[in-house]
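**Q** Model the structure of this input:
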Amino acid sequence: MRIVVHLVLAVVLWSCAAPVAPPPERPLSDAERLLAQGASLAPAARAEFYLDALLERLPPPQINANPERLAAARQLVARLEEGDGEPLHLTLPPARRFEWLSAALRTALAGGEVVAEERLAELEPDSREQLRQVMLLRAALSERLGDHEGAAKLLIAASTTPNVAMNERIWRSVARVDPRHLTLLASRATSQQEGAWWSLALTQYEALSTRKRLEAWRDWRETHREHMASQAPPPALEALQSAPRGIRIALLVPLSGPLASAGQAIRDGFTAAYLMAGPGAEDSLAVVDTALHGAVDAYRRAVARGAELVVGPLRKEAVAAIAALPPSVPTVALNAIDGRGPRLVQLAYAIEDEATAIAQAIGTAELERVLLLGVSAPWSERAEERLRAELGALVRPPEIIDGGEVAGVRSVTGAVGEGLGVAASQARREELGRLLRRELAFAPWQRDDIDAIVALVGAAQMTALTPALDFHSARDLPLYVPSTALRGVGLGRLRGVRACGVPWQPREPAIAGTLRRSFSGTATVAALQALGVDAFRVGHRFVQPGRSALLPVVFGSTGILTIGAHLRVAREVQWSRIVNGRFEPWSPELDVAQR
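**A** Residues are numbered from 1 along each chain as shown. Modelled structure (predicted):
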């Protein structure tokens, strides 16, 4: 027994004293292996070896690079840019200079870098294929810079044969172009291929539902059988073939009580969009009066009855109550709250959006002094707070001349005159006349150092504002106003006014016509009907998030809409200028160009 114990102890001691085996060597990465293989070659041969390896690892410019292969490509580029005394790539034959420069640029662009235009100018293509490579590189740079229109045009011009990957990249750029420009782009296209791409995007944006988008895609392919996209369809569009067709919707709005008129207008717009979308047998819409049932109870009942999408409620307090549940199905609230909830999209009119747009316009025009007028109302105060914050954040903040609050229609002329310095001019004239002991003939004039006026006012004050500007000879000053100033106001006397957020109305002619024939109402009613139409659009986009990448924005009646941080809907407002009593498209850049 003692011998066995000693033997066991000896084995244990021997095992403890045995050397620990070293860990297995890490296999060389692709780049390390290539660099090691080329290290023993002469500089010229090494440069060509590295360039050949680089070209093998870069995909065609229209396809995204594999991360591992891209990492190897970056290391190969770095080694070619190094050398003893001079970069290694300078030892390449002159005939391979284009290959090297284009490969280095493709590597940089594939890695997310924004390369300087000067580097592209160094490329000197001497064949049609090399010219096509340059176009693809310029397209990649345009994509990095957010110039989707430029990228799409270059990609379309460089597309020579039907190719799924190429068409997917073209569609990705085309679909990100501002939908308000698609009709004009289609009319000015330099080729039938290009024009058809723009018309395809427009049909997709105009479609109200997934079913309508699929129908539009099929119709487009039928009339464009020879087009590249028909022969090699982009996967994002082909995915419409397998998209679920039906959706059960519950709309929760007040149809009685103090908010009945608002709820009814939203219902009318939403229902018109629903019917225009061509509901099928699997679709359903239930409208519930939250004034009778309560928002939380109505929400729970709707979900229990199988609703896959809930739109509403309208009141801020009701939205907060739904957020606290929290929502169990995708929900599009028609108001905004400070907090957030899972599956809760907040779609609401916010005057702050228009204040931000006005500040951006002032920054674009580089105005130095701005007269600010407002009214005593919470919405005007919120707009002023946002406007001052945005203006203060500009690189060159303008001086804000505080014109104060316009108390009523009668006070408009006085407020404008005070802000323009007319009262001070009058006082100076009277003082000078007293000293000279005679009546002076010249009339008071407004200060000439104000570049623009911002009027955060309502329709009543707006009606009196333009005559006040006429009285003080200030009609040539740019006047920026939010949509609140134009609701129900005749446009005949508002020449030159820059209107931010044109009063909403359903953008689709068929829907707008149906609502006009079926319902009568004010501009406020039309705006709420437009909100109902957009709620339908946003709901369809949100309930199928896997397809939101197909079209990154909602081309809405209330503006260009995107679902942003915390599921809040951000609204890019539409600018117009009033000319001859009607709205005409306008952008802040036009004022800069016409100086």
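**Q** pretty sure Ala499 belongs to a helix, no?
**A** No: counting by DSSP: H, G, I helix; E, B strand; the rest coil, Ala499 falls outside a helix, being strand.
**Q** Would you mind giving me the confidence score for it?
**A** Looking at Ala499, its pLDDT stands at 79.
**Q** Would you mind confirming that it makes contact with Arg582?
**A** No: here Ala499 lies out of contact with Arg582, judged by C-beta atoms under 8 Å, at a distance of 11.0 Å. For every residue, glycine as well, the C-beta is placed using N, CA and C.
**Q** Between those two, which is the more surrounded one?
**A** Ala499 (25 against 10; other C-beta atoms under 10 Å).
**Q** Give me the average confidence score over stretch 41-59.
**A** In the prediction, stretch 41-59 has an average pLDDT of 87.
**Q** what does it rub up against?
**A** 30, 34-35, 37-39, 65-66, 69-70, 72-73, 76-77, 79-80, 83-84, 88-89, 91-93, 96, 99-100, 103, 106-107, 110 (C-beta atoms under 8 Å, 6 or more residues apart in numbering).
**Q** Identify those among those that sit within helices.
**A** If you go by DSSP state H, the contacts of stretch 41-59 have 30, 34-35, 37-38, 69-70, 72-73, 76-77, 79-80, 99-100, 103, 106-107, 110 in helices.
**Q** Only the buried subset of the contacts of stretch 41-59, as a ChimeraX command please.
**A** This is the ChimeraX syntax for the buried subset of the contacts of stretch 41-59, where burial follows 16 or more other C-beta atoms under 10 Å:
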select :30,34,35,38,65,69,70,72,73,76,77,79,80,88,89,91,92,96,99,100,103,106,107,110
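**Q** Need the pLDDT of Pro397.
**A** Looking at Pro397, the pLDDT reads 93.
**Q** And for Ile362?
**A** Taking Ile362 on its own, its pLDDT is 91.
**Q** next helix or strand past the secondary structure element (helix or strand) that it belongs to?
**A** Assigned by DSSP states H and E, Ile362 belongs to helix 351-365. Where DSSP H and E defines the elements, the next helix or strand beyond helix 351-365 is strand 369-374.
**Q** mind listing what's buried in the following helix or strand past that following strand?
**A** Per DSSP H and E, the first helix or strand lying C-terminal to strand 369-374 is helix 378-392. Under the neighbour-count criterion of 16+ other C-beta under 10 Å, helix 378-392 has Trp379, Ser380, Ala383, Glu384, Arg386, Leu387, Arg388, Glu390, Leu391 buried.
**Q** Save those residues as CSV, and put in distance to Ile247 too.
**A** What follows is those, written out as CSV (distance: C-beta to C-beta, whole Å):
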residue, distance to Ile247
Trp379, 34
Ser380, 39
Ala383, 36
Glu384, 41
Arg386, 36
Leu387, 40
Arg388, 43
Glu390, 38
Leu391, 43
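**Q** Just flag the most distant two among these.
**A** Across those, no pair lies farther apart than Trp379 and Leu391, at 18.4 Å, counting by C-beta to C-beta.
**Q** As a check, name the ranges of all helices in the stretch 201-350 of the chain.
**A** Under the criterion DSSP state H, counting those that start in this stretch, the stretch 201-350 of the chain contains helices at 210-223, 228-231, 235-238, 260-276, 290-293, 295-304, 316-323.
**Q** Of all those, which one comes closest to Met462?
**A** Closest among the helices of the stretch 201-350 of the chain, using C-beta to C-beta: helix 260-276, at 22.2 Å.
**Q** Just want the angle from that closest one to helix 210-223.
**A** Helix 260-276 and helix 210-223 are oriented at 40 degrees to each other (axes from the mean of the first three to the mean of the last three C-alpha atoms, to 10 degrees).
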